[in-house]
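K.L.:
following is a predicted model, sequence given first.
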Amino acid sequence: MVSHMAKYDDTLSACFTALGDPTRRAVLDRLARGPTTVSELAAAHDMALPSFLAHLRKLEAAGLITTAKTGRTRRCALAPGAIAPVRDWLDQQARVWEARLDRFEGHIANLKEEDET
């Protein structure tokens, strides 16, 4: 049986890879306050511009940010709804684990009941 989440597999992998780096998470945190230029984003990080641009490319490839060039200035923004596949997958995992914990609690209750009899 194929999971209904299978369509998200590539997207999830790219998102989790992008989110796995603290520099990229810091960029997303900054962009949560609003769009800004690449120069402003890069200024907050102690690394060469080509290295920083590689982080932006990873975020853009994952669909987490968008970039647009106007003249000589490139602006970055969060991509609307980009985190939805991650949220959906985490919600699904939470439901699975909650159900498992509920069954485990029921099993423990049954064991206690058997011990008391």
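P.N.:
Okay, I see it. Numbering: from 1, shown residues only.
K.L.:
what score does Ala43 have for pLDDT?
P.N.:
Ala43 is assigned a pLDDT of 96 by the prediction.
K.L.:
list the contacts for it?
P.N.:
Contact analysis of Ala43 by Cβ atoms under 8 Å, 6 or more residues apart in numbering lists nothing. In short, each C-beta sits where N, CA and C put it, glycine included.
K.L.:
can you report phi and psi for it?
P.N.:
Main-chain dihedrals, Ala43, degrees, to the nearest 10: phi -60, psi -30.
K.L.:
same thing with the one 4 residues further on?
P.N.:
Met47 has phi and psi values of phi -160, psi 160 when expressed as degrees, to the nearest 10.
K.L.:
could you check how far Thr37 is from Val27?
P.N.:
Distance, Thr37 to Val27, by Cβ to Cβ, to the nearest Å: 12 Å.
K.L.:
intersection of neighbour lists for the two?
P.N.:
Cys76.
K.L.:
can you tell me which helix in the protein is longest?
P.N.:
helix 84-116 (DSSP state H).
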